[in-house]
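J.: Kindly generate the corresponding structure for this input.
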Amino acid sequence: MASLSAQTLLCIALTLTTSLIMDVHGSVEGGHREFDYFALALQWPGTICHRTRHCCSSNACCRGSNSPTEFTIHGLWPDYNDGTWPSCCARARFDIKEISPLMDALEKYWPSLYCSRSSTCFSGKGIFWAHELLGLRLVIDMLMKTSIAFSLAEKHGTCSTPVIRDEYTFFLTALNVYFKYNVTKILNEAGYVPSNSERYPLGGIVSAIENSFRATPEVICSKHDVEEIRLCFYKDFKPRNCLASKTSCPKYVSFPTYVALGHNESYAAIEWISGDEAL
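T.: You can find the predicted model right below:
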């Protein structure tokens, strides 16, 4: 029997791997099912910025006195009730001109806290907002001694149909929900303020949000530091309980502060890199 060519093996591998992804996530372009709910993921910059090892102009952790000091948006994600999420829902390309009226708000409330550029579904490397609209997960598969790496788009924005139908509305909706349920304000008014020495009961934090939001959030931690809080919504953006039954957080958690330095200042352990190097 003649041996298969490398091109044939590649085609077989891509076909099998794509089939596997469809089984796991229930979605590829043209074949996804409609999502069940939205999750608004909010990240605590103090936790993430403490891990900064490289600075660049696009990293909000490196903005000095203008660095974020409250929860910022990580993403507005369509999810399924079974714990998976839709992906590669439409062949749409991110166009930053569509959201130009929102740029000031996005820079402040939805900044990137990293230097590396995010990969998009169809357009290669892109800015952080393109990733949040289109998303990416890298899948590496070994088959017939052939290594294959290709991108699986999580495509948060384009998977929001039929609720949200365009790029501008996606970002505007996320900002409006973020402002309406101001988690930073809710926690501050309950006495949970940023501190590098104080730890707070996780149950108290969850209760403070529940009392205002009228639904149970999901809290994600890095060791004892709060890294992310997620608010969940029905498709009409009425609050609903998040699905997580377990948490990565201990009983007492903290909201660490972060003193950022700007372009003209330097850290002993942090290196400034250019935008091209950040790729």
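J.: Could you pull out the helices in the stretch 1-150 of the chain for me?
T.: For the stretch 1-150 of the chain, the helices defined by DSSP state H, counting those that start in this stretch occupy 6-25, 45-49, 103-109, 128-134.
J.: Where among these is average confidence lowest?
T.: The minimum mean pLDDT among the helices of the stretch 1-150 of the chain belongs to helix 6-25 (a mean of 38).
J.: List the contacts of residue 181.
T.: By C-beta atoms under 8 Å, 6 or more residues apart in numbering, residue 181 lies in contact with 40, 212, 213, 231, 239. The way it works is simple: take the backbone N, C-alpha and C, and place the C-beta from them, glycine included.
J.: of all these, which two lie farthest apart?
T.: 40 and 212 (14.2 Å; C-beta to C-beta).
J.: quick one, which of the two is more surrounded?
T.: residue 40 (22 against 17; other C-beta atoms under 10 Å).
J.: Sort out which residues of stretch 250-258 are buried, please.
T.: 253, 254, 255, 256, 258 (16 or more other C-beta atoms under 10 Å).
J.: what about the closest residue to residue 61 other than its chain neighbours, how many neighbours?
T.: Take residue 61 and drop its neighbours on the chain: the residue closest to it by C-beta to C-beta, 6 or more residues apart in numbering is residue 49, 3.7 Å away. Residues near residue 49, counting by other C-beta under 10 Å, number 22.
J.: Could you tell me how far residue 49 is located from residue 172?
T.: 26 Å (C-beta to C-beta, to the nearest Å).
J.: Ramachandran coordinates for the residue nearest to residue 234 when sequence neighbours are not counted?
T.: Once flanking residues are discounted, residue 234 sits nearest to residue 240: 5.2 Å by C-beta to C-beta, 6+ apart. In terms of degrees, to the nearest 10, the main-chain angles of residue 240 are phi -140, psi 160.
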